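*Asks:* give me a 3D structure for the following:
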Amino acid sequence: EAQLVESGGGSVQAGGSLRLSCSASGFTFKDYVIAWFRQAPGKEREGIACITHGDFSTYYADSVEGRFTISRDNAKNMAYLQMNSLEPGDTAVYYCTAGSYAAGAWTALWPYDYWGQGTQVTVSS
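*Replies:* Numbering: from 1, shown residues only. I've put the predicted structure just below:
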């Protein structure tokens, strides 16, 4: 059974950093695009970062560009999201997801087959 498990969430003050981890099992991790989405209360789930499975190209939403870094370690079946200069607006549940590459559509939900349960990130001012 395919599974993604996020960890590393928590509470931090504005300007601080967190590193989220995503542990994958039950599928061939190296063959999948990995992305991080987040969902704040009352808002839609939004894609914020993506890393491809081939050349490890990365893509970011404008809201996190320059502050967040996505990475992956195929040998460990792990993905990461380093989040720096956190702002109160980053408060959300963060989800790791795996799916097929869809050029220009990585922020959509449909390319992704597997989702984690989410981890809460709270940033206070």
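*Asks:* pLDDT on stretch 57-65, on average?
*Replies:* Averaging pLDDT along stretch 57-65 gives 97.
*Asks:* ok, stretch 12-22 next?
*Replies:* Average pLDDT, stretch 12-22: 98.
*Asks:* which other residues reach it?
*Replies:* For stretch 12-22, contacts defined as C-beta atoms under 8 Å, 6 or more residues apart in numbering pick out 4-10, 34, 36, 78-88, 94, 96, 116, 119, 121-125. In this view, the C-beta of every residue, glycine as well, is placed from N, C-alpha and C.
*Asks:* how long is it from one end to the other?
*Replies:* Stretch 12-22 has an end-to-end distance of 19 Å (criterion: C-alpha to C-alpha, to the nearest Å).
*Asks:* do stretch 61-80 as well
*Replies:* For stretch 61-80, by C-alpha to C-alpha, the gap between its terminal residues amounts to 16 Å.
*Asks:* okay, buried residues for it please.
*Replies:* 61, 64, 68, 69, 70, 72, 74, 77, 78, 79, 80 (16 or more other C-beta atoms under 10 Å).
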